[in-house]
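In: sequence first, then the predicted structure:
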Number of protein chains: 2
Amino acid sequence: MKSDMTKKTDLSARIAKSISDSILAGDLLADDRLPSEAELAEDFDVSRSTVREALKRLAAQSLIRTERGAFGGAFVRQLSYDDARRQNITMSTLLLTMNEVRFDVACEARFALERACLPLSAARCGPKDLARLRKEIGRQASPDLSDEAFCASDVAFHRAIVDSAGNPILSYQLSGAVEAMQPLMNMITYTARSRARIVALHTDLADALERRDAAAADAILTVLQTYTLQLGEGLLAHRAQMRAERSAT
Amino acid sequence: MKSDMTKKTDLSARIAKSISDSILAGDLLADDRLPSEAELAEDFDVSRSTVREALKRLAAQSLIRTERGAFGGAFVRQLSYDDARRQNITMSTLLLTMNEVRFDVACEARFALERACLPLSAARCGPKDLARLRKEIGRQASPDLSDEAFCASDVAFHRAIVDSAGNPILSYQLSGAVEAMQPLMNMITYTARSRARIVALHTDLADALERRDAAAADAILTVLQTYTLQLGEGLLAHRAQMRAERSAT
DNA sequence: GGCATTTAATTGTCTGGCAATTGTTTTTCC
DNA sequence: GGAAAAACAATTGCCAGACAATTAAATGCC
């Protein structure tokens, strides 16, 4: 076995793992009710506090939800796309910031993944998707927009491209890559010139998708990637400097 | 605000969120020590049990680790790629099974994402990566292999392709898509004929990568996708039947 | 039958305590 | 003086018991 778990980890962790295994294995289905805390305490032969700690662990992973009152209790939670997406974004953000990932590495991953969506997006995007893209482009063009708001709209634009592929699994998998970039992109100061350039590229991209021209969209994305990388160039040095300062402390 | 959180959710959830926000915002850095449970209890004006439940929530998300003894306590945990990958896989698996995602949808997402890696893999894969690929191909060719083991090796092969792109962020993001497929693929029975076909395609793929021929690799992946889809065709009906049976209960 | 009240089950929170762990400090002994 | 042993202190892990809050069901009343 990879990890023995016996007698070295928390009781609450072991209990949580036991229940979580049951859920993963399909022994417990969505909306099934778990035994009450008192029953679980007896089943596992631990105190109620320990059971509660285990249940909180599961709740933190969106595996269960709890309801109070008679006939309440802990219920297996059907993991929604939104919940999964939120957790994915949190984890990706954390991974990027805590490991001081280089801007170019994150950028490469993000654009590679987005490129994977383009053929599907070009084939399937509908009027609603295009409207969403145009709306964000319009917002990006307004001059009285903070750098942060511009960046947020940029992320929204790219999310819209991913969603237009019409595959929810794809949207989920890419949410982390697209949205976790935001903190990194926020460190860029967008001049009027660079904004205009980006808006133009976004417009070209939307046009290409509307024409269902995947090859053109791909080419534009490549240009956008190069330009983004260029804008973020300074961040590599900045990161290195931060690290140097901290180690000097 | 999106969610008020005040006076409707658990105290432990609010406290966990408060601490987790501090970590996400960078106020708490990796290996920083949190106040002791007793201190936190006083700070937040709650009992120690409530603080403990909050800390267990954070531990479940790999945000902190705890150590016992004097000078022990809760420490901000540097989220490792492995931790993140594990959680990503769990969540993806859960998402796929609990939402009864159609095999073709999951398959499409998986191959689209893998396709995104191919140019990078072709450009960068080294001898070690190729050896890993060949090793899995060799395993898949041995006739005395259970369907499950064959499937596990298939997943390992595709993970190796992703890893050979040499971008850890990409590897992380794709781990969910690749590994969460395994439970679905496990429902396929692999005949000797289909195994031979898959091994041949895998070999072609490895050869193409060795030649640094991204276009050829892409074409082979398309064939593999079509074939996988064909093998999994029955699962769509199977799923529908399962659902029908359950609703009849 | 419909509405108000009571009841029972369950989670949420608190208090207080003891055991286990572990780095530090002090003591003991050679 | 130095090394081993013992005591110490801080901290988490776990437990028992209590009470409050909530909520669906059961009951009673009209």
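Out: Noted; the coordinates are in hand. Numbers count the residues shown, from 1 in each chain, chains lettered A, B, ... in the order given.
In: distance check, residue A:213 against chain B.
Out: 18 Å (Cβ to the nearest Cβ, to the nearest Å). Where you see a C-beta, it was placed from the backbone N, CA and C, and this is true even at glycine.
In: please name the residues that touch residue A:182.
Out: A:151, A:152, A:155 (Cβ atoms under 8 Å, 6 or more residues apart in numbering or on different chains).
In: how about a markdown table for the residues you listed, with secondary structure added?
Out: Formatted as a markdown table, the contacts of residue A:182 follow (DSSP: H, G, I helix; E, B strand; the rest coil):
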| residue | secondary structure |
| --- | --- |
| A:151 | helix |
| A:152 | helix |
| A:155 | helix |
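In: spell out which parts of chain A neighbour DNA strand C.
Out: Counting by Cβ under 7 Å from any atom of the strand, chain A comes close to DNA strand C at A:34, A:36-38, A:48-49, A:52, A:55, A:66-74.
In: name the SS class of the spatially closest residue to residue A:85 that is not a sequence neighbour, please.
Out: In space, residue A:85 comes closest to residue A:175 once its chain neighbours are excluded; the distance is 4.5 Å by Cβ to Cβ, 6 or more residues apart in numbering or on different chains. Residue A:175 falls in the helix class when you classify it by three-state DSSP.
In: any idea how far the residue nearest to residue A:126 when sequence neighbours are not counted lies from residue A:85?
Out: The shortest distance from residue A:126 to any non-neighbouring residue, by Cβ to Cβ, 6+ apart, is to residue A:164 (7.6 Å). As judged by Cβ to Cβ, to the nearest Å, residue A:164 and residue A:85 stand 16 Å apart.
In: more neighbours, the two?
Out: residue A:164 (25 against 21; other Cβ atoms under 10 Å in any protein chain shown).
In: I'd say that one and residue A:121 touch.
Out: Yes: Residue A:164 lies in contact with residue A:121 (Cβ atoms under 8 Å); the separation is 4.4 Å.
In: shared neighbours, these two?
Out: A:129, A:209.
In: what does the pLDDT read for the residue nearest to residue A:85?
Out: As predicted, residue A:175 sits at a pLDDT of 95.
In: how many neighbours does it have?
Out: Neighbours of residue A:175 using other Cβ under 10 Å come to 23.
In: residue A:103 and residue A:232 touch, don't they?
Out: Yes: assessed by Cβ under 8 Å, residue A:103 is found in contact with residue A:232 at 4.4 Å.
In: who touches residue A:179 in this structure?
Out: Here residue A:179 is in contact with A:89, A:92, A:93, A:155, A:159 (criterion: Cβ under 8 Å, 6+ apart).
In: low-confidence ranges, chain A, go.
Out: Applying pLDDT under 70 to chain A flags residues A:1-7, A:234-249.
In: so the top helix by length along it versus helix B:103-124, what angle?
Out: Longest among the helix segments of chain A by residue count, using DSSP state H, is helix A:103-124. Counting by axes from the mean of the first three to the mean of the last three Cα atoms, to 10 degrees, helix A:103-124 lies at 140 degrees to helix B:103-124.
In: which helices and strands does helix A:103-124 pack with?
Out: Helices and strands touching helix A:103-124, by 3 or more Cβ pairs under 8 Å, 6 or more residues apart in numbering or on different chains; DSSP states H and E, are helix A:147-163, helix A:168-179, helix A:192-210, helix A:214-231, helix A:233-248, helix B:103-124, helix B:168-179.
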